[in-house]
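S.K.: based on what follows, work out the 3D shape:
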Amino acid sequence: MAGGKSETPVSLSDRELQIIDLVAAGLTNQEIAVKLEISKRTVDNHISNILTKTETENRVALVRWALQWGKVCLNDVNCCTLPDQIE
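M.R.: Below is the predicted model:
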């Protein structure tokens, strides 16, 4: 897992994506818990599951993964929207 790079996109729940966004914003697990009105232990479990799914080793690698796969937008970086597919 050098660099924490997953080779394929990962299926994440809406809650997991929400938590990744809050991690990328710099919130601690306790701050995320307060913001989402859930326990810190629940946040800890979500983050553990997210790290496993994304094959990342820590929060920094997770944010890098999320930026690479277009899961988060930080300070107008990685914020472009893709055009709708033509059928």
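S.K.: what ranges does this structure have for its helices?
M.R.: Under the criterion DSSP state H, the chain contains helices at 14-24, 29-36, 40-54, 59-68.
S.K.: neighbours of the spatially closest residue to Q30 that is not a sequence neighbour, just the number please.
M.R.: Distances taken as CB to CB, 6 or more residues apart in numbering put K40 closest to Q30, at 5.2 Å, once the chain neighbours are dropped. Using the backbone N, CA and C atoms, a C-beta is placed for each residue, glycine as well. Here the number of neighbours of K40 (other CB atoms under 10 Å) works out to 14.
S.K.: which residue is nearest the middle of this structure?
M.R.: When CA atoms, centre = their mean is applied to the chain, the residue found nearest the centroid is I20 (2.7 Å).
S.K.: retrieve the pLDDT associated with the closest residue to that residue other than its chain neighbours.
M.R.: By the measure of CB to CB, 6+ apart, the closest residue to I20 outside its immediate chain neighbours is A66, 5.1 Å from it. Model confidence at A66, expressed as pLDDT, equals 91.
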